[in-house]
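S.K.: the sequence isn't on hand, but the structure is:
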């Protein structure tokens, strides 16, 4: 059994695809129309055979409540590892990304949290 | 008093002694406040949690800094023949205390981290077609059988199978 998928719910799949590819630098891996929505995944440029991130549509009402509360609390829906949090932070700031938490040390990890414009906070972290 | 401007001075920035004579002459009222308290009110729940965890789980900053430094030493020097003494030396802590601390912070021992870093580097080299023997020595191993054994343990596949895997 392998872990090949991770997922995140987004308010708008097309908008999310634009943000995750053009701003965060991920690559679209799969896009399959499925009626009103689509099966849409992205992967890291550095690990194109690695884990796929599913950009799931927000169709289930309780999921909307969960996403909204998580966002309001500043809690990230998921996290991505980077080589240097400060550098990544400055690069994303330059691309217009809004951060709710600048690079902050938490033990041996340096992390930062930003808005993905599709209902989620995302975290970048450096080990 | 109600119409006079009130200037909030960040506690860590200005004191009444730094006020200009002009400000004093204008009768500007100064209030010294703790800027930390103000900033805390605008922090998210998550920020509070991160701050709380950092303060309570990692109270000794100087030790944390030393251990992080030793981890960076491993990340930079993995291809050399480095020993635990070299790694602990970067942290200026005794060897056994250092291993215990490292495991507390990272969940694995320094030696386990060194093995993982070497295998991660080996995967990249193998993907570019570099021969297995060359890769083995390039990433700091001294024996091909022990490299191959560790590679299989960590990745689940042999170096050769990894190299010829279609991408």
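M.R.: Structure received. Since we're looking at a predicted model, the values are computed, not measured.
S.K.: quick one: low-confidence ranges for chain B?
M.R.: Judged by pLDDT under 70, chain B has its weakly predicted residues at B:1-41, B:167.
S.K.: domains in it, by residue range?
M.R.: B:6-41, B:59-108, B:114-164 (automatic domain parsing).
S.K.: how about the ones you listed in JSON lines, adding distance to chain A?
M.R.: All C-beta atoms are positioned from the backbone trio N, CA, C, and that covers glycine. Supplementary listing: the domains of chain B in JSON lines, determined by distance: least, C-beta to the nearest C-beta, whole Å:
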{"stretch": "domain B:6-41", "distance to chain A": "12"}
{"stretch": "domain B:59-108", "distance to chain A": "5"}
{"stretch": "domain B:114-164", "distance to chain A": "9"}
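S.K.: can I get those domains in JSON lines with mean neighbour count and distance to residue A:10?
M.R.: JSON lines is the format used below for the domains of chain B (neighbours: other C-beta atoms under 10 Å in any protein chain shown; distance: least, C-beta to C-beta, whole Å):
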{"stretch": "domain B:6-41", "mean neighbour count": "11", "distance to residue A:10": "30"}
{"stretch": "domain B:59-108", "mean neighbour count": "15", "distance to residue A:10": "31"}
{"stretch": "domain B:114-164", "mean neighbour count": "16", "distance to residue A:10": "31"}
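S.K.: for residue A:22, which of the ones you listed is the nearest?
M.R.: Go through the domains of chain B one by one with C-beta to C-beta and the one that ends up closest to residue A:22 is domain B:114-164, at 26.4 Å.
S.K.: for the closest one, measure first residue to last.
M.R.: Across its full length, domain B:114-164 reaches 25 Å end to end, with C-alpha to C-alpha, to the nearest Å as the criterion.
S.K.: the residue of chain A found nearest chain B and residue B:45, how far apart?
M.R.: As assessed by C-beta to the nearest C-beta, chain B sits closest to residue A:74 within chain A, at 2.6 Å. According to C-beta to C-beta, to the nearest Å, residue A:74 stands 6 Å off from residue B:45.
S.K.: how about the nearest residue to the residue of chain A closest to chain B once chain neighbours are set aside, phi and psi?
M.R.: Nearest residue to residue A:74, sequence neighbours excluded (C-beta to C-beta, 6 or more residues apart in numbering or on different chains): residue B:44, at 2.6 Å. Summarising the backbone geometry of residue B:44 under the convention degrees, to the nearest 10, its torsions are phi -80, psi 170.
S.K.: and residue B:44, how many neighbours?
M.R.: Counted with other C-beta atoms under 10 Å in any protein chain shown, residues neighbouring residue B:44 total 17.
S.K.: wouldn't it be in contact with residue A:70 here?
M.R.: No: counting by C-beta atoms under 8 Å, residue B:44 does not reach residue A:70; the two are 10.8 Å apart.
S.K.: just say helix, strand or coil for residue A:101.
M.R.: strand (DSSP: H, G, I helix; E, B strand; the rest coil).
S.K.: for the nearest residue to residue B:129 once chain neighbours are set aside, give me its contacts.
M.R.: Take residue B:129 and drop its neighbours on the chain: the residue closest to it by C-beta to C-beta, 6+ apart is residue B:163, 7.3 Å away. With contacts defined as C-beta atoms under 8 Å, 6 or more residues apart in numbering or on different chains, the neighbours of residue B:163 are B:126, B:127, B:129, B:132.
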